[in-house]
Structure formats: C-alpha cells, structure tokens
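> just need the structure, nothing else, for what follows:
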Amino acid sequence: MGELEKLTVVLGGRQYKRIKHGEYPHGPNQAGAPCHDCGVGAGEYHTPGCDVERCPRCHGQLITCPCGE
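Next comes the predicted model:
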C-alpha cells in the first residue's frame, strides 16, 4: 500500500484525507485514550476495518458509510 493510500480514502470517486484518532471532536475516545477497537493512540490513523474511524465526507462510521458507493 502506498503512502498516499494510507493518508486518504476514496469515496464516490473522490479522494479525501482520513481523520486521525482524536481529530473528530464528537467521536468516541476524544479525551486522548487509545481507540477501543484498534488500539491506536491519539493522532494516529485507525487500522483498516476499525469501527471507530469516521468518514471524512459525512463523519459517519466509515465501515458502514454509504459515501463510498
């Protein structure tokens, strides 16, 4: 996987910058605790398939988001 692919996600044919853990103010674990699903720390990217990662387009849960369809 290339570096650009790690930093972005393609949704509906457009590329968006991924949201790091703790960057989204209304997300879970916003107080700096590690992600309860994938274990990454604040300021790190969630691992693929993590149920906490937010969609950079609509801010819903990325793994269930319809934005990528």
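> CA atoms for contacts and neighbours, from now on please.
Fine.
> quick one, what contacts the residue nearest the centre of the chain?
Centroid check for the chain by CA atoms, centre = their mean gives Glu53 as the closest residue, at 3.2 Å. Counting by CA atoms under 8 Å, 6 or more residues apart in numbering, Glu53 touches Ile19, Lys20, His21, His46, Gln61, Leu62, Ile63.
> do Gly68 as well
Going by CA under 8 Å, 6+ apart, Gly68 touches Val10, Leu11, Gly12, Gly13.
> rewinding a little: in a markdown table, list the contacts of Glu53 along with secondary structure and neighbour count.
As requested, the contacts of Glu53 are arranged in a markdown table below (DSSP: H, G, I helix; E, B strand; the rest coil; neighbours: other CA atoms under 10 Å):
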| residue | secondary structure | neighbour count |
| --- | --- | --- |
| Ile19 | coil | 21 |
| Lys20 | coil | 18 |
| His21 | coil | 26 |
| His46 | coil | 23 |
| Gln61 | strand | 16 |
| Leu62 | helix | 22 |
| Ile63 | helix | 15 |
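> nearest to Gly39, of the residues you listed?
Nearest to Gly39, judged by CA to CA, of the contacts of Glu53 is His46 at 8.1 Å.
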